[in-house]
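In: Quick one, fold the following:
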Amino acid sequence: MEKLLPAETTTASSELLPLVPLETCASDYDVQFTVLDLLMMLVSGFLGTLTAVALKNFFAEIHDHFGKKATLKGGHSGEEIDIVPGNSMPGGFGHRWKHGHDILNPFEVDWDFYINLAKQSGTKIPVHLKAYFYWLRHLFQDTFSTEGLPLPGNSILRLFCNFSDPQVRAFLQVFGTIKARDITGSGVTNLLLNTYLKCRKDRMNELSEAYMFFAANAIAFLTGLIVPVNIRSANLNSIPILIHFSRKIYKN
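Out: You can find the predicted model right below:
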């Protein structure tokens, strides 16, 4: 014979845990895409990469514009971090990997140089803060360059990599730099997809939306690696986005 629970226990349990219809639970975790949904995943991912590619030369011109302007006029021309120790001329391909462009290693920076510039600017804020601002502005402007800004912590790589090797530099230029054009392309991908989901007739559940964002950003990341070599770039800021939506998928 079946063993029945006391009536009072059954009543208490039902009050604590209200019953939810099974079909409601299923709809919260169903993942079903229409043809248009799949098309939008592809289009938003591809357009993100195409945007990054299309902006390469335009953003490079922006960097060159600021690279020719003096610091006190909003640029970074002649700043000490562009002169690699042992050289007399600033710049040169790969120079950012060799000195002063690691946001996590400010100890390589000649702060007296920036403090003098801050004093010349007649700043009303502490000169040390203005000096730090000048350095950060230089790094930000370098993200617009063709090569991009080396990843934070890049100075540690000097212990393991030979930056004089063209193959090493070519690899790092694709997989080891932050580029404003990639960030913009990633923004286009997510903006397009978010706009589509808001305009969609039927509201998707959270799990389906997470899958769509994950797929679109994965497409944007991978297509950035299969374009011609001279415009190839790993969209590194897609990685934290992919991790975020991976966690949402796992949670759901």
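In: ok, Lys130 - contacts?
Out: Lys130 makes contact with 118, 121, 123 under the criterion Cβ atoms under 8 Å, 6 or more residues apart in numbering. Heads up, the C-betas are built off the backbone N, CA and C, glycines and all.
In: cool, and Phe163?
Out: Here Phe163 is in contact with 94, 97-98, 169, 172 (Cβ under 8 Å, 6+ apart).
In: Make a markdown table from those residues and add neighbour count to it.
Out: Compiled in a markdown table, those are given as follows (neighbours: other Cβ atoms under 10 Å):
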| residue | neighbour count |
| --- | --- |
| Gly94 | 19 |
| Trp97 | 23 |
| Lys98 | 20 |
| Arg169 | 17 |
| Leu172 | 21 |
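In: Out of the contacts of Lys130, the closest to Ser238 would be?
Out: Of all these, Ala118 has the smallest distance to Ser238: 36.3 Å, by Cβ to Cβ.
In: Give me the helices and strands touching the helix or strand that contains that closest one, please.
Out: For Ala118, the enclosing helix or strand under DSSP states H and E is helix 111-120. Helix 111-120 is packed against helix 127-142, with contacts defined by 3 or more Cβ pairs under 8 Å, 6 or more residues apart in numbering; DSSP states H and E.
In: so what's Ser246 closest to, chain neighbours aside?
Out: Using Cβ to Cβ, 6 or more residues apart in numbering and skipping residues adjacent in sequence, the residue nearest Ser246 is Phe214, 6.5 Å away.
In: go on, Asn162?
Out: Leaving out its chain neighbours, the residue that sits closest to Asn162 by Cβ to Cβ, 6+ apart is Val168, at 5.8 Å.
In: Also Leu72?
Out: Nearest non-adjacent residue to Leu72, counting by Cβ to Cβ, 6+ apart: Ser121, 5.6 Å away.
In: And for Tyr211?
Out: Distance criterion Cβ to Cβ, 6+ apart; nearest residue to Tyr211, sequence neighbours excluded, is Val31 at 5.9 Å.
In: Please report phi then psi for the one you found.
Out: Note on Val31: its backbone torsions stand at phi -120, psi 100 [degrees, to the nearest 10].
In: could you list every residue that touches it?
Out: 207-208, 211.
In: Glu108 too?
Out: Glu108 neighbours (Cβ under 8 Å, 6+ apart): 81, 99-100, 102, 155.
In: Pick the one among those closest to Lys73.
Out: Ile81 (17.7 Å).
In: now that closest one: how far from Ile103?
Out: Computed as Cβ to Cβ, to the nearest Å, the Ile81 to Ile103 distance reads 11 Å.
In: same check, this time on Val84
Out: Val84 is 18 Å from Ile103, where distance means Cβ to Cβ.
In: do Thr123 as well
Out: Thr123 is 22 Å from Ile103, by Cβ to Cβ.
In: Is it correct that the residue nearest to Asn162 is in contact with Leu157?
Out: No: taking contacts as Cβ atoms under 8 Å, Val168 lies outside contact range of Leu157: 9.2 Å.
In: Show me the contact partners of the helix or strand hosting the residue nearest to Asn162.
Out: Per DSSP H and E: Val168 is located in helix 166-175. Outside helix 166-175, the residues that touch it by Cβ under 8 Å, 6+ apart are 93-94, 97, 147-148, 150, 157, 161-163, 225, 232-234, 236.
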